[in-house]
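Chemist: What follows is a predicted structure for the sequence shown.
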Amino acid sequence: MTTFALDTSTTSPSLALTRDDRVLAELWLAPAPEAGRRVLEAAHHLMAAAGVDVRDLTRIVVGVGPGGFTGLRIGMATAMALGQALRIEVTGASSLEALAQGIADASDAEVVVPVTDARRREVFTAAYRTGPDGLLTQLAPPAAVPVAAFGAHLAGLGTGVAIAGDGAGLVGDPPPGARLLPASSPGHRLGAAALVRRVAAGAGLPVAPVYARLPDAEVNRLKALQAAG
């Protein structure tokens, strides 16, 4: 099975091509607010570099968040349009679980905490206990957490906790019992190939966005209504 995977939940979208259990190619776009709009062009270059024709694809896997409203919509619209055009299966997977998978691969931690920048002085995060054969057991569900409350959010997870992701540098020093992976660790980078691994582990999801909070447009609308009395 040849799978095209993509994740646009962060400002550095990730794309991958896999065949069965093997990663054929993977890339990350440079962080930029409009990076999600370059995904289809990047997919074309990725397939050309890997020698894969778009007609060879038998499945598409897309990250469903949590993440920014625009980025998630671009990724899922791209995945669904390709799937419809090629008449192949499109499956969702949790972006935070994919990042957690990478943290587990890069560390020996018993508990992994993925953290991505949610802006508004918040981070998207969750917590998972690691197990054999890539098993992840959810300890804390995906949520948007204020940066100032991140330490309290980890309370009760015990020791042996590893934290990583593009939002990890925003939360300050980790609380007792937790450690931040080094900046050079691959655990900080959300890879689209990990989405495919989550689906293979039975953790596939419907292709529906997980926002974990109200989109910016809705927040602004509510503020305007409140200001108007």
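Modeler: Happy to help now that I have it. Residues are numbered from 1 along each chain as shown.
Chemist: Which positions within the longest strand along the chain qualify as buried?
Modeler: For the chain, the strand that runs over the most residues, judged by DSSP state E, is strand 136-146. Buried residues in strand 136-146, defined by neighbour count with 16 or more other CB atoms under 10 Å: Leu136, Leu139, Ala140, Pro142, Ala143, Ala144, Val145. Yep, even glycine has a C-beta here, placed from its N, CA and C like the rest.
Chemist: Need the residue closest to the centroid of the protein.
Modeler: For the chain, the residue nearest the mean C-alpha position is Ser95 (2.4 Å; CA atoms, centre = their mean).
Chemist: average pLDDT for the longest strand of the chain?
Modeler: Per-residue pLDDT values across strand 136-146 average out to 95.
Chemist: counting contacts, what elements does that strand pack onto?
Modeler: Helices and strands in packing contact with strand 136-146 are listed as helix 95-106, strand 111-119, strand 122-130, helix 150-153; criterion 3 or more CB pairs under 8 Å, 6 or more residues apart in numbering; DSSP states H and E.
Chemist: For Asp20, find the nearest of the ones you listed.
Modeler: Comparing these by their distance to Asp20 (CB to CB), the top pick is helix 95-106, with 17.6 Å.
Chemist: what's that closest one packed up against?
Modeler: Where contact means 3+ CB pairs under 8 Å, 6+ apart, helix 95-106 is packed against strand 111-119, strand 122-130, strand 136-146, strand 161-164, helix 192-200.
Chemist: C-alpha coordinates for that helix, PDB please?
Modeler: Listed next in PDB are the C-alpha coordinates belonging to helix 95-106 (Å, rounded to 0.1, in the frame of the first residue of the first chain):
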ATOM      1  CA  SER A  95      -1.500  15.400  15.100                       C
ATOM      2  CA  LEU A  96      -0.600  15.300  18.700                       C
ATOM      3  CA  GLU A  97      -0.500  11.500  18.700                       C
ATOM      4  CA  ALA A  98       1.900  11.600  15.800                       C
ATOM      5  CA  LEU A  99       4.100  14.100  17.600                       C
ATOM      6  CA  ALA A 100       3.900  11.900  20.700                       C
ATOM      7  CA  GLN A 101       5.000   8.900  18.600                       C
ATOM      8  CA  GLY A 102       8.100  10.800  17.600                       C
ATOM      9  CA  ILE A 103       8.900  11.700  21.200                       C
ATOM     10  CA  ALA A 104       8.500   8.100  22.200                       C
ATOM     11  CA  ASP A 105      10.900   7.100  19.400                       C
ATOM     12  CA  ALA A 106      13.500   9.700  20.500                       C
END
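Chemist: What lies in contact with it?
Modeler: Outside of helix 95-106, the residues that reach it under the criterion CB atoms under 8 Å, 6 or more residues apart in numbering are 7, 9-10, 63-67, 109, 112-114, 116, 124-126, 128, 130, 134, 136, 142, 162-165, 181, 185-187, 189-192, 194-195, 197-198, 203, 210.
Chemist: what comes up buried for that helix?
Modeler: So for helix 95-106, counting by 16+ other CB under 10 Å, buried means Ser95, Leu96, Glu97, Ala98, Leu99, Ala100, Gln101, Gly102, Ile103, Ala104, Ala106.
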